[in-house]
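> Need a 3D model of the following:
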Amino acid sequence: MSTPRTRSVTLGRGPEVAGNPGASMRRAALDGLPVPPRPTTVSTDDAQQLSAALLTRLTALDEGTPEHAYVRNTLVEL
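Okay, here's the model as predicted:
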């Protein structure tokens, strides 16, 4: 059982950094899903909704790809 957090985090599309090769991989991995600035600060309700969306996205990705690893690791952080 988890304790609800007292603050909610607004989910965004993630950082857009020019020249950052990881940024394009993250965008491809998440395919339009919102990105929390710090997954460990997401409220319980937001984490449940984001987890469901990430699990759905994970099933669509090929195992062993950087995108699959990114989505899997984001789920672990939640």
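> where does this structure have low pLDDT?
1-20, 35-37, 39 (pLDDT under 70).
> Longest helix in it, please.
With secondary structure taken from DSSP state H, the chain has its longest helix at helix 44-60.
> residues in contact with the helix or strand following it?
Note on helix 44-60: by DSSP states H and E, the next helix or strand toward the C-terminus is helix 66-77. With CB atoms under 8 Å, 6 or more residues apart in numbering as the test, helix 66-77 has contacts from 25-26, 28-30, 39-40, 51, 54-55, 57-58, 61-62. C-beta here means a position set from N, CA and C on the backbone, and glycine is covered the same way.
> what two of these are the furthest from one another?
Using CB to CB, the pair of the contacts of helix 66-77 lying farthest apart is T40 and D62, separated by 27.4 Å.
> Of the two, which one has the most company?
The residue with more neighbours, out of T40 and D62, is T40; 10 against 7, by other CB atoms under 10 Å.
> ok, that one - contacts?
77-78.
> N73 versus that one, what's the distance?
Per CB to CB, to the nearest Å, T40 is found 13 Å from N73.
> ok, Y70 to D45 distance?
23 Å.
> Those two - which one has more neighbours?
Between Y70 and D45, counting by other CB under 10 Å, Y70 is the more crowded of the two (19 against 11).
> Alpha carbons only: can I get stretch 54-67 in PDB?
What follows is stretch 54-67, C-alpha atoms only, in PDB (Å, rounded to 0.1, in the frame of the first residue of the first chain):
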ATOM      1  CA  LEU A  54       3.700   3.000 -20.200                       C
ATOM      2  CA  LEU A  55       2.800  -0.700 -19.900                       C
ATOM      3  CA  THR A  56       0.700  -0.400 -23.100                       C
ATOM      4  CA  ARG A  57       3.500   1.300 -24.900                       C
ATOM      5  CA  LEU A  58       6.000  -1.300 -23.600                       C
ATOM      6  CA  THR A  59       4.100  -4.100 -25.300                       C
ATOM      7  CA  ALA A  60       4.300  -2.200 -28.600                       C
ATOM      8  CA  LEU A  61       8.100  -2.000 -28.500                       C
ATOM      9  CA  ASP A  62      10.700  -4.600 -29.500                       C
ATOM     10  CA  GLU A  63      12.600  -6.000 -26.600                       C
ATOM     11  CA  GLY A  64      16.300  -5.100 -26.600                       C
ATOM     12  CA  THR A  65      15.800  -1.700 -28.300                       C
ATOM     13  CA  PRO A  66      16.800   1.500 -26.500                       C
ATOM     14  CA  GLU A  67      13.200   2.700 -26.600                       C
END
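> No further questions, thank you.
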